[in-house]
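Novice: only geometry, no sequence info:
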């Protein structure tokens, strides 16, 4: 049945076309694709500074931020788009890290090459776990994700093959100190760019629209013809993929894999905090959030020392940011129409 | 077209729907009426599988659908609206409508959310319902009546063969009521089968070809609006008071 022709005179159709064209133009003007691309280019060129002096600390910070961008963007696909808050995503960080780390330790294949495979493994595991835990939502889902962390933590603590709770040391690469961080730096920057690009693509696909619909009202979405179970397990798998990739390279970068590096609640809480601070469900949110969290942390550690006070200060700043930006920085600014063009990546 | 056979839904000891059998014929408007708590919406929910029926069968075009998941049923051409408009806030009206466009297979998942063809189709539907103006409005900013119209638009986006309307005129003003009646009639004339749950007797009597009356979970009468209006059991259970009021007024 075609309704388009029922009442649509050509006048109306013409008016509609002009209106749509104007709208598309406005959307185009508010989006600044060049900015993320410029940012990426600057980051890729940054290590050239090593010729001028020792910028290892800055490189470490960017690498650290980029690793959080990968993880938080991944988390955002499930937590932001689909609305399922998971506190258990560090499980995939661990699975990715251990999978790539063990192969690296035994066969010497670089984890940077192994990262996509670690991601795929995590996606498969995530799909399986999602089939079980995504049957519940809200607080029950959060608790089930915490339970997952505990189960996996016990498993890794007692699995002697991967070193138990003591973990496993991995060989460091033999590059000179000045260049030693660079392979991991590039790996994380590229992965972060990929994660942001993938979030953008997902957000603008049928899949993303379906996820947004089911995050608001699952019953309505299901009766609208959206296969909610398949959509959300797929979202779980994709988000596990990114977290797993980050975990794979992180192990080699630290030259150590140990349960209390990967399976502490701080890792998954950070992913959640970054997304909430930056703006859950936005593309730029995880990037803004990761930059802020790493900056706060470094600033307060530097000024207040490594005592507990720096954690308190970071927490206070984050709480006060959220009072003024309840939807996260990008989310709140976008809602009130004050988002700077350079941050409109949606 | 739609056949419901021996449908039962129990909540613990409460028999919300008890052994209901009725059909909605192709190309007709069938109404399901009854006093509050008669089990109309529950029956509706069981047909569209928003709820799992305790017992009974539902057939659509000769295929049994009561064990399928809701999105499958929607894919087969049965779409429904909700009594309390469940729109997807934070999405524009256009997005709300296009979210209901059918997506098939894996490859379809990753194509752009709103293709030009879909936007055109959605705008055509909005145009038909006379709400093109609010296409880019946020779904949560709409008035109650606009939400009802948006629901109807979203429903049409999925190319249904039969539509289930749960109180399409609940809580809307008189002029909008006329508008909605007009839309339903036009859609029916265009070939859509309609099953409707409604309290508004005026709408029911003017629109429907067949009326099914429920009371306390069971069907107590079935027939044309005139027949039902004259049925003593119906008068007793439900219409009696309405007609009395009308006469008194």
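Specialist: Thanks, I have the structure now. Since we're looking at a predicted model, the values are computed, not measured.

Novice: Chain B: helices as residue ranges?
Specialist: B:40-47, B:70-75, B:93-98, B:105-109, B:116-129, B:144-157, B:174-189, B:201-207, B:225-230, B:232-234, B:240-248 (DSSP state H).

Novice: Stretch B:157-174 spans what distance, first to last residue?
Specialist: 26 Å (CA to CA, to the nearest Å).

Novice: So which residues on the stretch 151-300 of chain A come close to chain B?
Specialist: Residues of the stretch 151-300 of chain A found near chain B, taking CB under 8 Å from any CB of the partner chain as the criterion, are A:201-202, A:204-210, A:212-213, A:216-217, A:219-229, A:234. Glycine gets a C-beta too; all of them are placed from N, C-alpha and C.

Novice: redo that, cut-off 6 Å
Specialist: Contact residues, the stretch 151-300 of chain A versus chain B (CB under 6 Å from any CB of the partner chain): A:204-207, A:209, A:213, A:216-217, A:220, A:222-227.

Novice: For residue 71, which residues are in contact?
Specialist: Using chain A here. Residue A:71 makes contact with A:243, A:246, A:271 under the criterion CB atoms under 6 Å, 6 or more residues apart in numbering or on different chains.

Novice: think we crossed wires, I meant chain B
Specialist: By CB under 6 Å, 6+ apart, the residues touching residue B:71 are A:222, A:225, A:226, A:227.

Novice: What pLDDT is listed against the residue nearest to residue A:183 when sequence neighbours are not counted?
Specialist: Of all residues not flanking residue A:183 in the chain, residue A:112 sits nearest, at 6.1 Å (CB to CB, 6 or more residues apart in numbering or on different chains). Predicted confidence (pLDDT) for residue A:112: 93.

Novice: Which other helices and strands does the host helix or strand of residue A:112 contact?
Specialist: Counting by DSSP states H and E, the secondary-structure element that holds residue A:112 is helix A:111-133. If you count contacts as 3 or more CB pairs under 6 Å, 6 or more residues apart in numbering or on different chains; DSSP states H and E, helix A:111-133 packs onto helix A:90-107, helix A:228-254.

Novice: Among the contacts of residue B:71, name the ones in helices.
Specialist: residue A:222.

Novice: Make JSON lines from the contacts of residue B:71 and add distance to residue A:68 to it.
Specialist: As requested, the contacts of residue B:71 are exported to JSON lines (distance: CB to CB, whole Å):
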{"residue": "A:222", "distance to residue A:68": "34"}
{"residue": "A:225", "distance to residue A:68": "37"}
{"residue": "A:226", "distance to residue A:68": "31"}
{"residue": "A:227", "distance to residue A:68": "32"}
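
Novice: and which of the contacts of residue B:71 is nearest residue A:97?
Specialist: Closest approach between these and residue A:97, by CB to CB: residue A:227, at 32.4 Å.

Novice: wait, the residue nearest to residue A:183 sits on residue A:187?
Specialist: Yes. In this structure residue A:112 lies within contact range of residue A:187 using CB atoms under 6 Å: 4.6 Å.

Novice: roughly how far is the helix holding residue A:112 from the heart of the chain?
Specialist: Here the centre of helix A:111-133 is set off from its chain's centre by 14 Å, with CA atoms, centre = their mean, to the nearest Å.

Novice: swap in stretch A:100-119?
Specialist: On CA atoms, centre = their mean, the centre of stretch A:100-119 falls 21 Å from that of its chain.

Novice: Next: stretch A:208-225.
Specialist: For stretch A:208-225, the distance to the chain centre is 22 Å (CA atoms, centre = their mean).

Novice: who's in contact with that stretch?
Specialist: Here stretch A:208-225 makes contact (CB under 6 Å, 6+ apart) with A:81-83, A:202, A:226, A:228, A:231, A:235, B:50, B:70-71, B:74-75, B:80, B:86, B:88-89, B:99-100, B:102, B:113, B:158.

Novice: what's the answer for stretch B:46-55, then?
Specialist: Outside stretch B:46-55, the residues that touch it by CB under 6 Å, 6+ apart are A:223, B:7, B:8, B:9, B:10, B:45, B:58, B:66, B:70, B:73, B:80, B:164.

Novice: End to end on that stretch, go ahead and measure it.
Specialist: Taking CA to CA, stretch B:46-55 runs 10 Å from one end to the other.

Novice: Please point out which parts of it sit buried.
Specialist: Buried residues in stretch B:46-55, counted by 16 or more other CB atoms under 10 Å in any protein chain shown: B:46, B:47, B:48, B:49, B:50, B:51, B:53.

Novice: Low-confidence regions, the chain specifically.
Specialist: All of this refers to chain A. A:1-17, A:19-30, A:306 (pLDDT under 70).

Novice: Chain B, not that one
Specialist: Low-confidence segments of chain B (pLDDT under 70): B:85, B:87-89, B:238-249.

Novice: for chain A, what are the nearby residues on it?
Specialist: Residues of chain B lying near chain A (CB under 6 Å from any CB): B:50, B:70-71, B:74-75, B:80, B:86, B:88-89, B:99-100, B:102-103, B:109-113, B:121, B:123-125, B:127-128, B:158, B:190-191.

Novice: Derive a ChimeraX selection command for the buried subset of those.
Specialist: Burial among the residues of chain B next to chain A is assessed by 16+ other CB under 10 Å; the matching ChimeraX selection reads:
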select /B:50,70,71,74,75,80,86,88,99,100,102,103,109,113,121,123,124,125,127,128,158
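
Novice: buried stuff in stretch A:192-205?
Specialist: A:192, A:193, A:195, A:196, A:198, A:199, A:200, A:202, A:203, A:204, A:205.

Novice: In contact with the second one, which residues?
Specialist: Remark: with contacts taken as CB under 6 Å, 6+ apart, residue A:193 is in contact with residue A:40.

Novice: same check, this time on the third one
Specialist: For residue A:195, the contacting residues are A:70, A:73, A:242, by CB under 6 Å, 6+ apart.

Novice: Compare the residues you listed and tell me which is most surrounded.
Specialist: With neighbours set by other CB atoms under 10 Å in any protein chain shown, the maximum within the contacts of residue A:195 is found at residue A:73, which has 35 neighbours.
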